[in-house]
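Enquirer: sequence first, then the predicted structure, then my questions.
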Amino acid sequence: MPFIEMRGITKVYPNGVMANHQVNFEVEAGEIHALVGENGAGKTTLMKILYGMERPNAGEIRIRGVPVQIRSPFDAIRLGIGMVHQNLMLIPEFTVAENILLGVEPHRWGLWDRSATLQTVRSLAERYGLSIDPEARVADLPVGVRQRVEIIKVLHRGVDLIILDEPTALLTPQETQELFRTIRELVKQGKTVILITHKLREVKAISDRITVMRHGRIVGTLPTAEASEEELAAWMIGRRALPTLKRPPARRGPCILRVENLSYIDEGGRAILREVSFEVHSGEILGIAGVEGNGQSELVEILAGLRQPTAGEIWLDGERLPAGTPRRIRSMGIAHIPEDRLRNGVALPLSIAENLIADRYFEAPFSRSGWLNPGAIRRYAEDLIRAFDIRAPDPEVPAEALSGGNLQRVILARELSRRPRLLLAAQPTRGLDVGATEAVHHFLWEQRSNGAAVLLVSADLSELISLSDRLAVMHDGEIVAIFPEPQRLSEEEIGLYMLGLRRQPLEREEGS
Amino acid sequence: MTNETMAPQQAEAFRTQTVRRHQIWTVVTRTLTTMAMALGMGFVITALVSPRPLQAYTALLTGPLSSPARIGIWMEDATGLILLGLAFTLVFQARQFSLLAEGQLHLGALVAGIVALHLPLPIGLHLGMALLAAMAAGFLYGLIPGALKAYLGASELVASLMLNVIAQRFYELLLTYWLRPPGAGYNWTDPFPATAILWRPIPDVRINIGLPIALMATALVWLLIYRSSFGYELRVVGANPEFARYVGIPLRRVILLGIAVSGIPAGLAGAYLAMGVHHRLILNISLGLGFEGIVVALLARNNPAFVPLAAFAYSYLRIGGDIMERTAAVGSDLVRLIQAVIILFLTAEALFEQLSHWIARRRHLHVGS
């Protein structure tokens, strides 16, 4: 009898996204079970259902054969299920011990018993062979150690099953090795571990069995020993039919953007970009494929002037791009469709017109000597609303009244109406329906026909294959391949590069 | 990935129009409901503490209108509140929580007093110079917490509260050791010369030309916020600072200037208290009036066009409370209580707004893996 059994789990979010569809999932006691799949495959949703954070629309959960109702994480913990989230949930100002015993502090005479707290944490850490200083402040600890704190916290609640959601996403290779030692120790002591990840190499290294998910469904479960990485990659990425899009012929012009040995190290000291070099020419779309979190977002933000690179050079039209403010970068002819439109693509409380002029309000005719010209702004907004088919009755309507597709049209209208020399498009169709997606593709091609250089980052491989003139693949902050004719590639093949299983030899042909 | 459906043209148009109509209606009905509920609550409390609640409450509600002199007192009080309300609508546009108005008010009064007493100038020029100097003082003082926030990331809330104390003590220091007539046994200056006093056109009524000045300031602040590119920057930063950074708006400069510019009406309010109300500098010139501007800005939904209305309403309650206290022997505590109830209702309402905002945003957000 399996330890955990999930049967026929279906979860539809209120916005209509089907995150899980008739999922059957089993975990045996004492195993390390890897749950793998692309972003958006439904792994985290399934585990949130098991942990009581989401309620399924249909399906049942059994623990050791007994049907259970898990309505909240409290229920889950009571049933012996604990979860360590990708974004660690610790209070940085508190010490390690305070965090671990938060909510279940030992008391003596009605007062918090500090020495008992420390004692409890020390004995727990010792039992599982986890080295930790219970009196250190969490804010002072590196991510790997914080994660250890989370694991001890879950263990202290007395759980038998620990779910780890993308535990290695923020870790250095050394920290990852340390984590794997911990996981093995936990299993030795009778615990069961579910590992959510999309890194196949790690899956091979640590797990006993693997379950692959794709588009909210289970593709299959198999023992790790019998799985090849190539096979897993094919299962994860699937065999999707390429949509037949009519490609306008490319008229490749001179080089617009040249990036040379660009490196970026984040605040936490992790290398996000490692000596990235590439070119984008006028009249060409360079697609960038990669599993999310491999440096694509940071690359785009650096080119848009929102981050400063650690090293390397960026050339635009043969001119070296200075370390500048976003306004300066924009004035040089770089437009940017941001990957999270609600975070920084729009100001929701402001009107459509005010959103459309956000990067040019200081220029004539929108303002003269510091004073806005409402008539000119309104006329301009009306023109753009018409040209980009934004469905709104009036430019004065606040942006928050628009649907996602229309918001994206507002952003496109603002970014494309300046005829940029270089367009940075990050996840431009994310969350859009078919019609809006097609409109975005149309606009990107129009830019390409107009001679702009387009850098397209997308999580959607079929979109990349059909739109790109050349396709670069990023893995772990490096460009591991650049393909001149992506249409001749299969998604499985690209997947091997995305997952870091293959890379082109270093002397690749540039500018072909 | 989400697969939201794009609404057809009509549905979208209908939706957006409803949003707009909804906005105007909520502002009007909510403000009226807030006031009515607060007043009703006030009556319940009055009934509990006063032997003649009806008489006491009548004094509160009609007192400020019962004589021309009282109307004058009301207008005089409201004028100061208008200027302070404007100060807060400015700084709140950019979502900066600087509460420096109290300190800027003290420095404005101080500088206006120095010009009034020690800089002999011809009529007209004297008045203008004193007002200008007060505005400049408010602006310059605002540069300190503005720079601390913009360039060092220091909390403008904490910095402004501490700078308030510094400004107030500095005011008291100069008043008691320098501006007060030597050897005087009291803590106020000589009266200002007639050239540095805001004129009262009606004898025995305290209303003065500060009121039209405050109304003009209202128009200017409205223009600044809604018709100038600086005001646009303030609003973008307040609406979404990440977006402001992304489109290249100079975030630090906007924050710095936003906090400083709000000092202009606050400094003017200080000059108004000195030149329009007291006609001299006195020790406790503000009595926390600088903080009352927050209530006015909240009541006016941060829109300068509504500030005079909000200031008159709030001031009416303040003056009515004074009259009730004197004629019906109800403690000023009760009035404070009613005021507190209003603020409570307002913040609870802001919570409502936040909530519906948050829900709307949730609807837009797509769900990850």
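Expert: Received it, and whenever you're ready, just let me know what you need.
Enquirer: wait, A:Gly37 touches A:Ile237, no?
Expert: No - here A:Gly37 does not reach A:Ile237: they are 9.5 Å apart, not a contact under C-beta atoms under 8 Å. No exception for glycine: its C-beta is placed from N, CA and C like everyone else's.
Enquirer: neighbour count winner among those two?
Expert: Neighbours were tallied for A:Gly37 and for A:Ile237 using other C-beta atoms under 10 Å in any protein chain shown; the higher tally belongs to A:Gly37 (27 against 21).
Enquirer: phi, psi of that one?
Expert: Phi and psi for A:Gly37, reported as degrees, to the nearest 10, are phi 160, psi 170.
Enquirer: report the contact partners of it.
Expert: A:43, A:198, A:212-214, A:236, B:369 (C-beta atoms under 8 Å, 6 or more residues apart in numbering or on different chains).
Enquirer: what of B:Met275?
Expert: B:112, B:116, B:127, B:130-131, B:192, B:196-198, B:210.
Enquirer: will you turn those into a markdown table that also has secondary structure and pLDDT?
Expert: Shown next, in a markdown table, are the contacts of B:Met275 (DSSP: H, G, I helix; E, B strand; the rest coil; pLDDT from 0 to 100):
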| residue | secondary structure | pLDDT |
| --- | --- | --- |
| B:Ala112 | helix | 94 |
| B:Ala116 | helix | 90 |
| B:Leu127 | helix | 91 |
| B:Ala130 | helix | 93 |
| B:Leu131 | helix | 95 |
| B:Phe192 | coil | 89 |
| B:Ala196 | helix | 85 |
| B:Ile197 | coil | 87 |
| B:Leu198 | coil | 85 |
| B:Gly210 | helix | 91 |
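Enquirer: just to revisit the earlier point, reformat the contacts of A:Gly37 as TSV; add pLDDT.
Expert: Formatted as TSV, the contacts of A:Gly37 follow (pLDDT from 0 to 100):
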residue	pLDDT
A:Lys43	88
A:His198	74
A:Val212	92
A:Met213	90
A:Arg214	85
A:Met236	78
B:Ser369	31
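Enquirer: now, those residues that are in strands?
Expert: Members of the contacts of A:Gly37 lying in strands (criterion: DSSP state E): A:212-214.
Enquirer: and chain A, what are its domain boundaries?
Expert: When chain A is parsed with automatic domain parsing, its domains come out as A:4-237, A:243-333+A:420-512, A:346-417.
Enquirer: nearest to B:Ile255, out of these?
Expert: The closest of these to B:Ile255 is domain A:243-333+A:420-512. By C-beta to C-beta, the value is 15.0 Å.
Enquirer: let me see the confidence value for residue 240.
Expert: No chain was given, so I picked chain A. Among the per-residue scores, A:Arg240 holds a pLDDT of 48.
Enquirer: I was thinking of chain B, sorry if that wasn't clear
Expert: 92.
Enquirer: residues contacting it?
Expert: Here B:Asn240 is in contact with A:344, A:346-348 (C-beta under 8 Å, 6+ apart).
Enquirer: just to revisit the earlier point, tabulate the domains of chain A (TSV), appending distance to B:Val254.
Expert: Formatted as TSV, those follow (distance: least, C-beta to C-beta, whole Å):
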stretch	distance to B:Val254
domain A:4-237	29
domain A:243-333+A:420-512	12
domain A:346-417	12
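Enquirer: pLDDT score for residue 144?
Expert: Chain wasn't specified; assuming chain A. 78.
Enquirer: meant chain B actually
Expert: So B:Ile144 comes in at 95 (pLDDT).
Enquirer: does it really touch B:Leu163, like I thought?
Expert: Yes - between B:Ile144 and B:Leu163 a contact is recorded at 6.2 Å, counting by C-beta under 8 Å.
Enquirer: so the two - more neighbours on which side?
Expert: Taking other C-beta under 10 Å, B:Ile144 and B:Leu163 do not tie; B:Leu163 has more neighbours (23 against 18).
Enquirer: please name the nearest non-neighbouring residue to the more buried one.
Expert: B:Gly103 (5.1 Å; C-beta to C-beta, 6 or more residues apart in numbering or on different chains).
Enquirer: my reading is that that neighbour lies in a helix. Confirm?
Expert: Yes - applying DSSP: H, G, I helix; E, B strand; the rest coil, one finds B:Gly103 inside a helix.
Enquirer: wait, isn't it in contact with B:Asn164?
Expert: Yes - with contact defined as C-beta under 8 Å, B:Gly103 reaches B:Asn164; the gap is 3.9 Å.
Enquirer: between these two, what contacts are shared?
Expert: Any residue near both B:Gly103 and B:Asn164 by C-beta under 8 Å, 6+ apart counts here, and that gives B:Gly290.
Enquirer: quick one on the thing from earlier: out of the contacts of A:Gly37, what pair is the most spread apart?
Expert: Maximum distance among the contacts of A:Gly37 (C-beta to C-beta): 13.6 Å, for A:Val212 and B:Ser369.
Enquirer: I'd like the mean pLDDT over the helix or strand that contains A:Ile494, please.
Expert: A:Ile494 is part of helix A:491-498, with elements assigned from DSSP states H and E. In this model, helix A:491-498 carries a mean pLDDT of 82.
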